[in-house]
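Participant: Kindly return the folded structure for what I paste below:
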Amino acid sequence: MSLRTFIKHFPYNLRLIQSLSTLSFQSSPPTPHLPHPHTHTLITEDPIKLCSHLWFQSFSSPSTHPFSNLTGFLKKFEFWVLAYQRSCAEDTGSFPPRNAIHSNVLRGLLSLQNAVLRGQFAWGAKTQLFVRSPNDKTIAELMSRRKLQALLESKKPSFQDRIVQEVLLLILEPVFEPRFSPKSHAFRPGRNAHTVIRTIRSNFAGYLWFLKGDLSGNWEDFGVDVMMECLEKRVKDKRVLGLIKSGLRGPVRPQLDWERSEEHKRKKKKKKGSKKKKILNDNEPKPDPYWLRTFFGFAPEEAAKVPLYGHCGILSPLLANVCLTELDKWMEEKIVKYFKPSGHDSIWRDSINDGSHNPAWPEFVPSSGKEKTRKMDYIRYGAHFLIGIRGPREDAVGIRKDLIEFCESKFGFRLDNSKIEIEHITRGIIFLDHIISRRVIYPTLRYTASGGAIVNEKGVGTLLSVTASLQQCIRRFRQLQFVKGDKDPEPLPCTPMLYSGQAHTNSQMNKLLETMADWYRYADNRKKVVGFCAYVVRSSLAKLYAARYRLKSRAKVYKIASRNLSHPLRESSNNSAPEYSDLLRMGLVDKIEGIQFSHMSLIPSCDYTPFPRNWIPDHECIIHEYIKLQNPKYFYELLRSVKQHGLPLPQDEICKLVWDYKTCGVWSCLSCNDNGTKLIGSFG
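Facilitator: Next up, the predicted model:
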């Protein structure tokens, strides 16, 4: 059936006919005339080297300096090849080497690059694609109306959109990363939830009132004009800005009458029966293992919400950080203005950064009063932020009011008081599934008074406590159907692993426990929480094995398989059959790992490693060191400091040694140094 006959079956709709008349179901549209006969000759530089150069250039330029020419990086074909490799790794699970990319794919990438540079690229295209995913099948025949409708209505972005998003991310991330505030820790390289917990433990001691805000419900309220205004402060390239602006304004296709009728028919028609087991294609990646999918259920509320704007996809978190940087800078100015030091305080006496090496030490002064220092700190993880205030509650109310006014004037949305809660430290503040609270201690102070008399008296001190929320952990287990009940939760059998072997099941659960032990690394009650998780997992598997091997109770399972379930449960009744140890030695069975953390002594303790006050990630330290080494003034200052301290230079020592060797001879040098006589003489 021809395309013209196919269009006649549709109701009369001019827009639909115009859109369908341009459809092409080939693997890629006709490519324009290429400037080179072979696309492999376009790859002349290393893309990793180009990315590194962009990072160094961005960090070495002033923070107020905007980037006016980013189109030059779009013209680098190496960026597009690297973006294709990263997209394939996300889609297929394997990173294809550069020499394994087919020439047809390279020609499609070149056509996609030319379309972007000429302004002919359209986001969200479903039919006319320059580059397709390796998992996509080539469509050589006409599609039915139902398949066409499903293709146009699918919310999954096309593969070539992912490539363009990767290219923009490779270019824009190094541009904005040095301009971001150190107070933000989400969707950034080198910063994660652990850095937030460590920063809170190190820098938030002594605060009484906390403001906990949630802006994730207002992520969609960021208008296109607001985002473009924030982007234009650092990027002046019109082609890049226009590409992002067209991606933010995603087209909304109206639903036609025949589509509504088809949807109504599908809702009426319900298929009965069990679902068929899905068979993976040859190049289709395997789904995430059970332990990883299970751990995703333990993700805190702050980390589970990811922004998504139009067709921007993986570029959306970076755009959200660009907008929320305005809030970070406003809060940094607010922190400086609010600071009022006091001479009667034990920390923060002179400046805002003054204090002891570890502020989490107890402060032996009253916890409230006019003689206390007024101070404030702020940290943000995605759209969730935490503000610590050392002062009266009236100051916290005033700061919340100013914050609401700032968001309304800058971002254009109104926040309710319920979105920004004011909580006292004694009640405990839940942030990233950790409870931030305060412990009051009464240590004995012993000091020498006037006249040499030794005085012993009781002092009052406070310690910041960061503990994992056990109730939140139980709630996550209940959502995953691992336990039932609230006060005394009862483990349930792990039914998703019913048809897996004992070795595979134990290894999957061990990876889950290792990941959870690493997640609660900086919690004060790490042993308690990880021990509870290990008890739930071990009991759940014991119930599963009792049902699988018909052992009736967990006690019989533990009796055969031991406490950590490491012994094989299935025993052969034939005495002539080889033992499990013999089969294991011959490699005929898998080794059964015992469930970890079966004893409290095996659980690692909390990591109390001090966190530096002005901490930066390792990759930023390397970039700053590289920029410093590229500056000739650094070596001049280093040489001048060496001469001022009277230290000999290594070059002078080497020159002196070579000169003595040439003028005095080998043996005269050996006579001056008895220790090296045998060493050099042996070579003579």
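
Participant: In contact with Trp219, which residues are there?
Facilitator: With contact taken as CB atoms under 8 Å, 6 or more residues apart in numbering, Trp219 is in contact with 305, 307, 320, 383. Backbone N, C-alpha and C define where each C-beta goes, glycine included.

Participant: same question, Pro491
Facilitator: 482-483, 535-536, 539-540, 543.

Participant: Please read off the pLDDT at Val240 from the model.
Facilitator: Listed pLDDT for Val240 reads 92.

Participant: isn't it right next to Asn69, touching?
Facilitator: No: if you go by CB atoms under 8 Å, Val240 and Asn69 don't touch, sitting 9.6 Å apart.

Participant: Look at the two and report which has more neighbours.
Facilitator: Set side by side, Val240 and Asn69 show more neighbours around Val240, with 22 against 10, by other CB atoms under 10 Å.

Participant: Look at the more buried one and give its secondary structure.
Facilitator: helix (DSSP: H, G, I helix; E, B strand; the rest coil).

Participant: For the residue nearest to it when sequence neighbours are not counted, give me the pLDDT.
Facilitator: Nearest non-adjacent residue to Val240, counting by CB to CB, 6 or more residues apart in numbering: Leu70, 4.9 Å away. Leu70 is assigned a predicted lDDT (pLDDT) of 89.

Participant: what about Leu70, distance to Asp225?
Facilitator: Leu70 sits 21 Å away from Asp225, going by CB to CB, to the nearest Å.

Participant: same thing with Pro604?
Facilitator: For Pro604 relative to Asp225 (CB to CB), the value is 50 Å.

Participant: Same check on Arg478?
Facilitator: From Arg478 across to Asp225, the span is 44 Å (CB to CB).

Participant: Check Asn99 too.
Facilitator: 45 Å.

Participant: more neighbours, those two?
Facilitator: Between Asn99 and Asp225, Asp225 has the larger neighbour count (other CB under 10 Å), namely 11 against 7.

Participant: just how off-centre is stretch 201-216 within its chain?
Facilitator: 21 Å (CA atoms, centre = their mean, to the nearest Å).

Participant: residue contacts, the closest residue in space to Leu308 that isn't next to it in sequence?
Facilitator: Nearest residue to Leu308, sequence neighbours excluded (CB to CB, 6+ apart): Ser316, at 5.0 Å. For Ser316, the contacting residues are 306-309, by CB under 8 Å, 6+ apart.

Participant: next one: Phe413
Facilitator: So Phe413 contacts 218, 221, 407 (CB under 8 Å, 6+ apart).

Participant: Once you drop chain neighbours, what's closest to the last one?
Facilitator: Setting aside the residues directly before and after it, Cys407 is nearest to Leu415 in space (CB to CB, 6+ apart), at 5.4 Å.

Participant: on that earlier part again, could you dump the contacts of Trp219 into TSV with distance to Val116, neighbour count and secondary structure added?
Facilitator: TSV is the format used below for those (distance: CB to CB, whole Å; neighbours: other CB atoms under 10 Å; DSSP: H, G, I helix; E, B strand; the rest coil):
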residue	distance to Val116	neighbour count	secondary structure
Lys305	30	16	coil
Pro307	23	20	coil
Ala320	23	24	helix
Ala383	30	20	coil
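
Participant: now those residues in a markdown table, with distance to Leu42?
Facilitator: Below are the contacts of Trp219 laid out as a markdown table (distance: CB to CB, whole Å):
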| residue | distance to Leu42 |
| --- | --- |
| Lys305 | 40 |
| Pro307 | 35 |
| Ala320 | 34 |
| Ala383 | 41 |
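
Participant: Isn't Ser58 up against Leu172?
Facilitator: No: using CB under 8 Å, Ser58 makes no contact with Leu172, being 10.0 Å away.

Participant: Those two - which one has more neighbours?
Facilitator: Higher neighbour count among Ser58 and Leu172: Leu172, with 24 against 21, using other CB under 10 Å.

Participant: The more buried one: what secondary structure?
Facilitator: Leu172 falls in the helix class when you classify it by three-state DSSP.

Participant: dump the residue contacts of it.
Facilitator: Per CB under 8 Å, 6+ apart, neighbours of Leu172: 70, 235, 240, 315, 318.

Participant: out of these, which one sits closest to Pro285?
Facilitator: Each of the contacts of Leu172 was scored against Pro285 by CB to CB, and Leu315 proved nearest at 22.8 Å.

Participant: What strand or helix carries the nearest residue to that closest one once chain neighbours are set aside?
Facilitator: With CB to CB, 6+ apart as the criterion, Leu315 has its nearest non-adjacent residue at 4.9 Å, and that residue is Gln165. Per DSSP states H and E, Gln165 falls inside helix 159-176.
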